[in-house]
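Participant: Generate a structure from the sequence data that follows.
(one chain, ligands or ions: 2)
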Amino acid sequence: MRPTGRGGIAVSQYRIAWLPGDGVGVEVMEAAKICLDALKFDAKYTHGDIGWEFWRTEGESFPQRTIDLLKASNAALFGAITSKPAKAAEAELVPELKGKGLTYRSPIVRMRQMFDLYTCLRPCKAYPGNPLNYKDAIDLVIFRENTEGLYAGVEFSPVPEELKAALGKLSKPFAHFAGTPGDEFAITCKINTKRGCERIIRAAFEYAKLHGYPKVTVVHKANVVRATEGMFLEIGKRIAKEYPGIAVDDANVDAITMWLLKNPASYSVLVATNLFGDIISDLAAQMVGGLGFACSANIGDTLGVFEPSHGSAPKYAGQYKVNPIAMILSAKMMLAWLGEKDMAAKLEAATAAVIREGTVRTYDMGGAATTLEMGEAIARKL
Ligand code: IPM
Ligand code: MG
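Facilitator: Ligands and ions are numbered 1, 2, ... in the order given. Below you'll find the predicted structure:
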């Protein structure tokens, strides 16, 4: 018996939900498993059904049995999922399920909300020797709020008459739309709570403190999206006062895309609401090699789900050619979150060594190594 790093639960073996999902998700997960086995990580892996196939055949991409599995797990490793817009998704259902009013919603977004995985943590580090680095010495860590904002899922299309009437009464700018029929416009609500802002901003500052990062940048659009983004910025400034050893600054989300490209080395931890965090994390990922290097963690108080930020890449599926480093570094984040700090450090060092040596490279890095050859090369360093 030994303790896990979370909640002091003593377990003899970690229970890991294994969710490969679709397309290349399956392939990068295999590469990660090679590394976890080389580390002798003591876990019971249980496969969970998730993804497009289950949408098509059951009308549910994230079935209840997988939700139950997650409830019974210490952490989950997740590959990738195919997502399509509502109409295209409906068209692919098996004939028995068509016309039943089923609507596709991204399972990962639902999982984040259902399990309150409010921190989306996305480190973007330029490992020396990576030919895809945009500049040297980039070490950015994005904290993205993961459960609310524009992803809250409160949307209207068409807009019901009651809502039109209420908006007509409550909102002056709405007069501009009042004469538009409800089926000629759509509404997506951006909902942020004080608690939601506080916990992600605090997570960013705590991380900066623990890992010695000098600064937290609050990314927002408070000058235009005044209610929600204004609240986010205000809370950021208030929480910053509790961390006198860490510098704080703030930037509009549009401006930060320019500043990050111009001076990446002058940023370290960045925190943003959901959609803005989604966008800047892709930008930051591209500066350190693209989606093949973009690891990520969805973390709540009792569960962590670790996944590369890339999608299922249908055009590469079955070819075992995509770079598994994003997945392997996500597995490293899982080890760290579980409290297995030594294993996490070893896995990161092994990955960095393979990148530095440059003899094993996947196609994105200009090489010809397969997904599994990259996994094996990293495992050999362990
Ligand atoms: C991400 C992805 C997801 C998101 C998609 C697949 C729903 O872009 O994890 O960044 O928008 O959050
Ligand atoms: Mg994204």
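Participant: contacts for whichever strand or helix holds C197?
Facilitator: For C197, the enclosing helix or strand under DSSP states H and E is helix 194-211. By C-beta atoms under 8 Å, 6 or more residues apart in numbering, the list of residues contacting helix 194-211 from outside reads 118-119, 121, 141, 143-149, 213-216, 218, 231-232, 235-236, 239-240, 242-243, 245-246, 268-271, 273. Where C-beta positions appear, they are placed from N, C-alpha and C, glycine not excepted.
Participant: Check the offset of that helix from the chain's centre.
Facilitator: 16 Å (C-alpha atoms, centre = their mean, to the nearest Å).
Participant: Let me see the mean pLDDT of it.
Facilitator: Averaging pLDDT along helix 194-211 gives 98.
Participant: show me where pLDDT drops low in the chain?
Facilitator: 1-11 (pLDDT under 70).
Participant: residues from it in reach of ligand 1?
Facilitator: For the chain, the contact set with ligand 1 under C-beta under 6 Å from any ligand atom comprises 83, 106, 108-109, 278, 309.
Participant: Would you mind putting these into TSV with secondary structure and neighbour count alongside?
Facilitator: Putting the residues of the chain next to ligand 1 into TSV (DSSP: H, G, I helix; E, B strand; the rest coil; neighbours: other C-beta atoms under 10 Å) gives the following:
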residue	secondary structure	neighbour count
S83	coil	20
S106	coil	16
I108	helix	22
V109	helix	17
D278	helix	20
S309	coil	21
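Participant: Tell me where the stretch 101-250 of the chain has strands.
Facilitator: Per DSSP state E, counting those that start in this stretch, the stretch 101-250 of the chain carries strands over the ranges 119-125, 139-145, 155-156, 187-188, 215-220, 247-252.
Participant: one step back: so the helix holding C197 versus strand 247-252, what angle?
Facilitator: Going by axes from the mean of the first three to the mean of the last three C-alpha atoms, to 10 degrees, helix 194-211 is angled at 130 degrees with respect to strand 247-252.
Participant: buried set for helix 194-211?
Facilitator: 196-205, 207-208 (16 or more other C-beta atoms under 10 Å).
Participant: out of everything not next to it in sequence, what's closest to whatever residue of the chain ends up closest to ligand 1?
Facilitator: Nearest to ligand 1, among the residues of the chain, is S106, at 4.1 Å (C-beta to the nearest ligand atom). Using C-beta to C-beta, 6 or more residues apart in numbering and skipping the chain neighbours, the partner closest in space to S106 is S83 (5.0 Å).
Participant: Contact partners for that neighbour?
Facilitator: Going by C-beta under 8 Å, 6+ apart, the list of residues near S83 reads 104, 106, 311.
Participant: how is the chain carved up into domains?
Facilitator: According to automatic domain parsing, the chain is divided into the following domains: 1-118+294-382, 134-149+192-287, 155-188.
Participant: Which residue ranges of the stretch 251-382 of the chain form strands?
Facilitator: 269-272, 295-299, 304-308.
Participant: could you redo those strands as TSV and give each row distance to D136 and mean neighbour count?
Facilitator: Below are the strands of the stretch 251-382 of the chain laid out as TSV (distance: least, C-beta to C-beta, whole Å; neighbours: other C-beta atoms under 10 Å):
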stretch	distance to D136	mean neighbour count
strand 269-272	19	29
strand 295-299	20	25
strand 304-308	23	27
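Participant: want to throw those strands into a markdown table with distance to N74?
Facilitator: Listed next are those as a markdown table, based on distance: least, C-beta to C-beta, whole Å:
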| stretch | distance to N74 |
| --- | --- |
| strand 269-272 | 26 |
| strand 295-299 | 13 |
| strand 304-308 | 8 |
